[in-house]
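just the structure for this:
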Amino acid sequence: MKIPFNKPFLTGKETEYIEDAVMFGKISGNGDFTKKSHQFFKDRYGFKKCLLTTSCTDALEMSAILVDIQPGDEVIMPSYTFVSTANAFILRGANIRFVDSRQDHPGIDEDLVEELINSKTKAIVVVHYAGVACDMEKIMGIAEQHNVYVVEDAAQAIESYFTFSDGTRKPLGAIGHLGCFSFHETKNIIAGEGGMLVVNDDALQARAEIIWEKGTNRSAFFRGDVDKYGWKDIGSSFLPSELTAAFLYAQLENLEKIQAKRRFIWKKYHIGLRLVADQLGMRLPEIPEYATNNAHMYYLVCESREQQKQLLDYLKRKKILAVFHYLSLHKSDFFKQKHDGRELPMSDLYSNRLIRLPFYFELGVAQQNYIMKNINRFSEKEISLQKFQIA
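Okay, the predicted model is just below:
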């Protein structure tokens with residue numbers, strides 16, 4: 001039995017819709033399936049302005065343009081994240097101020113954000129790690145006080161929500177000025193590659209559409225708002241083809257089915273690994289009271305770096321592909337000379353100790369039991385070794 005880390009799930013309609021897009025005669029983007037996808041997100045989550053992109057990276061790069069990042073501006077974000085979060089703003093000339101992770105969760109430590117804000121700060125970028133919300137009430141309060149933008153990197157956070165202290169509940173991606181989603185093949189809802197920018201700030205919506213369409217007002221022309229279109233601003237080819245949008249729409253139609261299965265898998269891991277986690281000194285994921293769980297991933301935080309390596313190697317020998325996750329960006333080859341020298345111990349801890357377990361729609365009960373059985377066997381092996389060393 002070989003168990004991959006990820007396996008893309010097909011609902012059965014993807015190729016049919018791709019063929020429909022081809023037969024309709026428009027596959028270059030911003031066609032019928034793009035519009036259907038945009039409307040789905042507006043109807044389900046109340047998003048104001050949705051723009052499908054070729055990736056979440058593109059959505060982040062659009063965000064950096066929209067908040068008018070200029071060389072020398074500072075942007076605050078977590079170190080424990082994917083490189084795209086930082087690259088999007090570095091490409092515009094920003095200086096990145098990295099923040100440590102929380103002790104109870106790999107997400108940004110909100111209590112460390114405000115001390116980094118100064119007159120050069122233009123934006124705070126939060127990453128909803130594993131689809132679990134950052135404390136957006138705290139983040140938005142800081143941003144409003146200091147008049148800076150908030151960009152939500154919600155790459156992993158489709159179908160996740162944040163509850164404010166007054167009981168108001170909002171979907172992630174709809175709280176900051178801008179929200180960025182991913183439909184990469186490892187995400188809950190996929191399109192191979194693919195992403196989306198959500199524009200919540202009314203003042204940014206018109207410009208976002210122009211940037212999306214290579215700096216032109218072509219979208220307005222196609223709607224009949226203008227009689228010709230031309231070059232209005234900087235931009236790029238951020239919109240995906242209709243083939244990508246068609247694939248995505250088939251997934252969106254099956255969102256509830258996909259989410260139900262993923263929550264089942266997440267819960268089975270969470271119940272089945274409690275005892276072995278205690279035995280090994282590992283931590284399981286924690287969901288804050290203000291957050292919901294969209295079952296994007298299941299991870300373990302090992303007791304040590306050595307335990308992480310040993311468990312990954314052990315599972316690999318059993319043909320189970322578990323993986324580590326992000327390496328702290330502030331220590332990367334590209335950035336370490338640019339970092340301001342602050343220690344970010346929790347980010348490094350997650351880099352050295354976190355393990356992601358196989359997680360995908362078609363992961364069967366037998367396969368999941370096999371994974372957990374082997375983690376238990378690893379536990380017995382390690383505990384026996386510890387007893388031998390003590391003796």
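
quick one: the helices in the chain, in order.
Using DSSP state H, the helices assigned to the chain run over residues 14-24, 32-45, 56-66, 83-90, 136-146, 202-212, 218-223, 242-252, 255-272, 274-280, 305-317, 345-353, 365-390.

quick one, the second one and helix 255-272 angle?
For helix 32-45 and helix 255-272, the angle between their directions (axes from the mean of the first three to the mean of the last three C-alpha atoms, to 10 degrees) works out to 60 degrees.

who wins for proximity to residue 155 among the helices of the chain?
Residue 155 lies closest to helix 56-66 among the helices of the chain, at 4.5 Å (C-beta to C-beta). Bear in mind the C-beta positions are built from the backbone N, C-alpha and C, glycine included.

now do the closest one, average pLDDT.
What helix 56-66 shows for mean pLDDT is 98.

before we move on, back to that, out of the helices of the chain, which comes closest to residue 173?
For residue 173, the closest of the helices of the chain is helix 32-45, at 7.5 Å, according to C-beta to C-beta.

CA atoms only for the closest one, dumped as CSV, please.
Extracted in CSV, the C-alpha atoms of helix 32-45 (Å, rounded to 0.1, in the frame of the first residue of the first chain):
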residue,chain,number,x,y,z
ASP,A,32,-19.2,32.3,-19.0
PHE,A,33,-17.4,30.0,-16.5
THR,A,34,-15.4,32.8,-15.0
LYS,A,35,-18.6,34.8,-14.5
LYS,A,36,-20.4,31.8,-13.0
SER,A,37,-17.5,31.2,-10.5
HIS,A,38,-17.5,34.9,-9.5
GLN,A,39,-21.3,34.8,-8.9
PHE,A,40,-20.9,31.6,-6.8
PHE,A,41,-18.5,33.3,-4.4
LYS,A,42,-20.6,36.4,-4.2
ASP,A,43,-23.8,34.4,-3.5
ARG,A,44,-22.2,32.0,-0.9
TYR,A,45,-19.9,34.4,0.9
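
please name the residues that touch residue 312.
By C-beta atoms under 8 Å, 6 or more residues apart in numbering, the residues touching residue 312 are 322, 323, 324, 355.

now residue 377
For residue 377, the contact set (C-beta under 8 Å, 6+ apart) is empty.

OK, contacts around the spatially closest residue to residue 250 that is not a sequence neighbour?
Leaving aside its sequence neighbours, residue 250 sits nearest to residue 13 (C-beta to C-beta, 6 or more residues apart in numbering; 3.8 Å). Residue 13 makes contact with 250, 253, 254, according to C-beta under 8 Å, 6+ apart.

can you check residue 322 too?
5, 311, 312, 315, 316, 355, 356, 357, 358, 371.

which of these count as buried?
Neighbour-count burial (16 or more other C-beta atoms under 10 Å) applied to the contacts of residue 322 gives 311, 312, 315, 355, 356, 357, 358, 371.

looking at the third one now. What's its pLDDT?
It refers to residue 315. In this model, residue 315 carries a pLDDT of 98.

now the fifth one
Reading off the per-residue confidence, residue 356 sits at a pLDDT of 98.

now for the residue nearest to residue 161 when sequence neighbours are not counted: which residues touch it?
Leaving aside its sequence neighbours, residue 161 sits nearest to residue 292 (C-beta to C-beta, 6+ apart; 4.6 Å). With contacts defined as C-beta under 8 Å, 6+ apart, residue 292 is in contact with 133, 160, 161.

related to what we said a few turns ago, hey, least reliable of the helices of the chain by pLDDT?
Sorting these by mean pLDDT places helix 365-390 lowest, at a mean of 80.

could you dump the contacts of residue 13 to JSON lines with distance to residue 181 and neighbour count?
Converted to JSON lines, the contacts of residue 13 look like this (distance: C-beta to C-beta, whole Å; neighbours: other C-beta atoms under 10 Å):
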{"residue": "250", "distance to residue 181": "17", "neighbour count": "19"}
{"residue": "253", "distance to residue 181": "17", "neighbour count": "14"}
{"residue": "254", "distance to residue 181": "17", "neighbour count": "17"}
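
walk me through the domains of this protein.
Here the domain parsing of the chain from automatic domain parsing is 14-252, 255-390.

nearest to residue 1, of these?
Between the domains of the chain, domain 255-390 lies closest to residue 1; by C-beta to C-beta that is 6.0 Å.

tell me how far the residue nearest to residue 161 lies from residue 74.
Distance of residue 292 to residue 74, given as C-beta to C-beta, to the nearest Å: 31 Å.

check residue 323 too.
Note on residue 323: its distance to residue 74, by C-beta to C-beta, is 32 Å.

okay, the two: which has more neighbours?
Neighbour totals were compared for residue 323 and residue 74, and residue 74 leads with 19 against 15 (other C-beta atoms under 10 Å).

check the burial of the closest residue to residue 239 other than its chain neighbours by counting its neighbours.
Nearest in space to residue 239, with sequence neighbours left out and distances taken as C-beta to C-beta, 6+ apart, is residue 29 at 4.3 Å. When counting by other C-beta under 10 Å, one arrives at 20 neighbours for residue 29.

residue 18 touches residue 245, doesn't it?
No: counting by C-beta atoms under 8 Å, residue 18 stays clear of residue 245, with 9.5 Å between them.

who has more neighbours, the two?
Comparing residue 18 with residue 245 by other C-beta under 10 Å, the one with more neighbours is residue 245, at 28 against 20.

ok, back up a step: how near is the residue nearest to residue 239 to residue 243?
Using C-beta to C-beta, residue 29 is found at 9 Å from residue 243.

then residue 342?
Distance of residue 342 to residue 243, computed by C-beta to C-beta: 45 Å.

in terms of neighbours, single out the busier of those two.
residue 243 (21 against 13).

residue contacts, the more buried one?
Residues in contact with residue 243 (C-beta under 8 Å, 6+ apart) are 18, 21, 22, 27.

cool, residue 143 as well?
Counting by C-beta under 8 Å, 6+ apart, residue 143 touches 124, 149, 150, 176.
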